[in-house]
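**Q** mind folding the following:
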Amino acid sequence: MANVYLKEAIRTMETSSGTAANYEYASTSCQGWRNTQEDVHLILPNFDSDTSLFAVFDGHNGIEVAAYVAKYLPEYIRQNRKYKRGRVSEGLKEAFCLLDGQLLLVDAVNELRAIRRQAHPELPEYKPGITSGCTAVVCLLKKDTFYCASIGDTRCVLCRNGKAFPLSIDNKPDDANECARIMKAGGEVVHGRINKLINVSRAFGDHMFKMVPNMSTIEQMIIPLPDVIIEPYIESTDSFMVLMCDGIWNSMDNSEVIDFVGSRIQKKMPLAKITEEVIKNVLPKEMPPSGIKGKDNMTICVIKFKGKRGGVGSTNMSAMPRTTVRGNNGPNKHH
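**A** Residues are numbered from 1 along each chain as shown. As a prediction, the model looks like this:
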């Protein structure tokens with residue numbers, strides 16, 4: 001297998017920033033020590049009339065699935081009938097599953113191949129979407145409510161009362177429910193990896209793990225069905241939100257990231273500089289001799305709330321309960 005690491009890290013950072021009506025945002029990505037950049041992210045302030053979308057997609061074995069999903073998932077969500085009818089959590093789950101099935105169609109496969117050839121001309125082609133995939137975290141801020149859907153181990157963390165408040169759940173093969181499903185589908189979990197190969201249990205793509213006959217989409221070893229956390233935005237306590245891939249949180253845990261970002265916001269540092277400071281803090285000057293810290297692609301998005309969002313004030317948001325909609329409570333079959 002080709003070496004996945006470079007002799008010298010690529011330290012170039014791609015940073016963007018902007019301002020919306022009720023928040024400002026910045027994002028930074030860096031390839032780092034990996035021989036390819038496989039992260040993609042989205043910030044769509046005007047996703048629909050009352051909703052913003054924030055997302056990070058972390059590819060593995062190529063960028064093609066992450067790039068494809070980033071291109072098409074927003075429209076899959078926007079056009080979903082359940083989403084249009086206000087059943088946001090159900091709409092997110094259905095959109096994830098429908099788009100994942102789309103990856104097997106001829107037109108999609110051809111597009112995946114084209115993305116891979118353009119992004120990774122030096123790498124073997126393999127079977128895009130079969131041997132490659134991506135994790136995802138997608139957070140909708142709809143009026144005054146967060147709807148955060150996630151598969152795999154990309155994360156969304158809110159700063160609430162100055163502390164880390166997770167809006168996503170990691171899906172790992174050695175989690176009890178995930179392991180039980182994997183084993184029922186004929187797989188095994190060894191050292192936290194399915195069949196010794198992959199260390200996430202939910203993802204787009206990776207269809208080599210989704211081909212067990214007579215089992216539904218959500219019964220396979222790897223599934224695209226997200227957990228969805230529904231949480232009110234509380235103006236008095238919620239100051240900013242971070243979306244990040246595991247290349248960040250492998251080196252800094254949720255609390256460390258929130259403290260790092262929060263302390264610099266208090267010092268009035270521009271958000272774009274803060275996101276770059278996170279990357280600099282994580283990316284080592286020399287290749288670590290062992291472990292995974294500091295070796296992966298790195299992407300972080302920070303959304304800083306201005307405070308006065310439309311709708312807040314008419315409802316006592318602090319009295320609204322947190323809701324977690326686990327993916328395994330979804331429908332049994334997706335067509």
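**Q** got any ranges where the stretch 201-335 of the chain has weak pLDDT?
**A** 308-335 (pLDDT under 70).
**Q** switch to 80 and redo it
**A** For the stretch 201-335 of the chain, the stretches with pLDDT under 80 are 291, 307-335.
**Q** I'd guessed Ala164 sits against Ile258; true?
**A** Yes. With contact defined as Cβ atoms under 8 Å, Ala164 counts as touching Ile258 (4.3 Å). All C-beta atoms are positioned from the backbone trio N, CA, C, and that covers glycine.
**Q** now do the shared contacts for the two.
**A** Common neighbours of Ala164 and Ile258 (criterion: Cβ atoms under 8 Å, 6 or more residues apart in numbering): Val157.
**Q** the two: which has the busier surroundings?
**A** Ile258 (23 against 18; other Cβ atoms under 10 Å).
**Q** how about stretch 34-43: buried residues?
**A** Arg34, Thr36, Gln37, Glu38, Asp39, Val40, His41, Leu42, Ile43 (16 or more other Cβ atoms under 10 Å).
**Q** okay but the second one is in contact with Gly62, surely?
**A** Yes. Between Thr36 and Gly62 there is a contact under Cβ under 8 Å: 7.2 Å.
**Q** which residues are in contact with both of the two?
**A** In contact with both Thr36 and Gly62: Ala119, His120, Leu123, using Cβ under 8 Å, 6+ apart.
**Q** buried among these? Need that as a selection in PyMOL.
**A** Listed next is the PyMOL selection for buried residues among the shared contacts of Thr36 and Gly62, using 16+ other Cβ under 10 Å:
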select buried, resi 119+120
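**Q** I'd like the shared contacts of Thr36 and Gly62 as CSV, with pLDDT appended.
**A** Shown next, in CSV, are these (pLDDT from 0 to 100):
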residue, pLDDT
Ala119, 92
His120, 86
Leu123, 81
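**Q** which members of the shared contacts of Thr36 and Gly62 occur in helices, if any?
**A** Those of the shared contacts of Thr36 and Gly62 mapping onto helices are Ala119, per DSSP state H.
**Q** any chance of the shared contacts of Thr36 and Gly62 in TSV, with distance to Cys159 too?
**A** Shown next, in TSV, are the shared contacts of Thr36 and Gly62 (distance: Cβ to Cβ, whole Å):
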residue	distance to Cys159
Ala119	33
His120	36
Leu123	38
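**Q** nearest to Ile265, out of the shared contacts of Thr36 and Gly62: which one, please.
**A** Ala119 (33.7 Å; Cβ to Cβ).
**Q** any idea how far the closest one is from Gln31?
**A** 11 Å (Cβ to Cβ, to the nearest Å).
**Q** list residues touching both of the two?
**A** Common neighbours of Ala119 and Gln31, counting by Cβ under 8 Å, 6+ apart, are Gln37.
**Q** which stretches in the stretch 1-150 of the chain count as strands?
**A** With strands called from DSSP state E, counting those that start in this stretch, the stretch 1-150 of the chain shows them at 5-19, 23-34, 39-48, 51-60, 133-142, 145-151.
**Q** pLDDT value on the nearest residue to Ala119 once chain neighbours are set aside, please?
**A** Closest residue to Ala119 apart from its sequence neighbours, by Cβ to Cβ, 6 or more residues apart in numbering: Ile63 at 4.9 Å. If you check Ile63, the pLDDT there is 96.
**Q** Ile63 - how many residues pack around it?
**A** For Ile63, using other Cβ under 10 Å, the count is 27.
**Q** how close does it sit to Thr299?
**A** Ile63 is 12 Å from Thr299, where distance means Cβ to Cβ.
**Q** what do the two both touch?
**A** By Cβ under 8 Å, 6+ apart, the residues touching both Ile63 and Thr299 are Asp39.
**Q** give me phi/psi at the residue found closest to Thr36 once you drop the neighbours it is linked to in the chain?
**A** Nearest residue to Thr36 in three dimensions, chain neighbours excluded: His120, at 5.5 Å (Cβ to Cβ, 6+ apart). Dihedral angles of His120 (phi, psi; degrees, to the nearest 10) stand at phi -130, psi 60.
**Q** can you map out the helices along this protein?
**A** Counting by DSSP H, the helices of the chain are 64-78, 81-84, 88-102, 106-119, 176-184, 246-249, 254-266, 271-282.
**Q** please name every helix or strand in contact with the third one.
**A** Just to be clear, that refers to helix 88-102. helix 64-78, helix 81-84, strand 133-142, strand 145-151, strand 204-205, strand 227-232 (3 or more Cβ pairs under 8 Å, 6 or more residues apart in numbering; DSSP states H and E).
**Q** nearest to Leu6 among the helices of the chain would be which one?
**A** helix 246-249 (14.3 Å).
**Q** got the contact list for that closest one?
**A** 32, 39, 58, 135, 153-155, 257, 278, 282, 295-300.
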